[in-house]
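Enquirer: I need the structure of the sequence given here:
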Amino acid sequence: MSETGTLKAWIAETLQAELAPQVLEVIDESHLHAGHSGARPEGETHFRLNVVAAAFEGKSRVERHRLVNAVLDPAFKRGLHALALRVRTPAEAI
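Expert: Numbering: from 1, shown residues only. This is a model prediction of the structure:
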């Protein structure tokens, strides 16, 4: 999906391009979900994201989650199963 070939890298590159976040952490937690629904032996199914971006200004928590999910929709179609999201504006991150 990305130049480096990992879903994690693609997620980071895509969120950088679409949201221009000040803070972006992409953590692969797939190993914590082994044997659970949606898990695959090769991983890259469950991620935790910490995103601080001005793009979230004026949006509710639900709207922020929907925005991130929409940006990452191609990944869901390719096997991404779950995201845990912490999405804040720059003012909220202080």
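Enquirer: per-residue confidence at Met1?
Expert: What the model reports for Met1 is a pLDDT of 57.
Enquirer: Check Arg40 too.
Expert: 61.
Enquirer: Ok, Ala34 next?
Expert: So Ala34 comes in at 66 (pLDDT).
Enquirer: next one: His31
Expert: Value for His31, per-residue pLDDT: 73.
Enquirer: tell me, how many neighbours does it end up with?
Expert: 10 (other C-beta atoms under 10 Å). Using the backbone N, CA and C atoms, a C-beta is placed for each residue, glycine as well.
Enquirer: Dihedrals phi and psi, it?
Expert: Here is the backbone geometry of His31 (degrees, to the nearest 10): phi -60, psi -20.
Enquirer: Pull up the gap between it and Gly58, please.
Expert: To Gly58, His31 is 36 Å away according to C-beta to C-beta, to the nearest Å.
Enquirer: what does Leu32 give?
Expert: Counting by C-beta to C-beta - Leu32 and Gly58 are separated by 34 Å.
Enquirer: now do Ala82
Expert: When Ala82 is compared with Gly58 (using C-beta to C-beta), they lie 27 Å apart.
Enquirer: So if I had to pick from those two, which one is more boxed in?
Expert: Neighbour totals were compared for Ala82 and Gly58, and Ala82 leads with 16 against 8 (other C-beta under 10 Å).
Enquirer: Next one, pLDDT for that one please.
Expert: On the pLDDT scale, Ala82 gets 92.
Enquirer: who does it bridge with?
Expert: His46 (DSSP bridges).
Enquirer: Figure out the helix or strand that the residue nearest to Asp28 when sequence neighbours are not counted lives in.
Expert: Distance criterion C-beta to C-beta, 6 or more residues apart in numbering; nearest residue to Asp28, sequence neighbours excluded, is Lys8 at 5.3 Å. According to DSSP states H and E, Lys8 maps onto helix 7-19.
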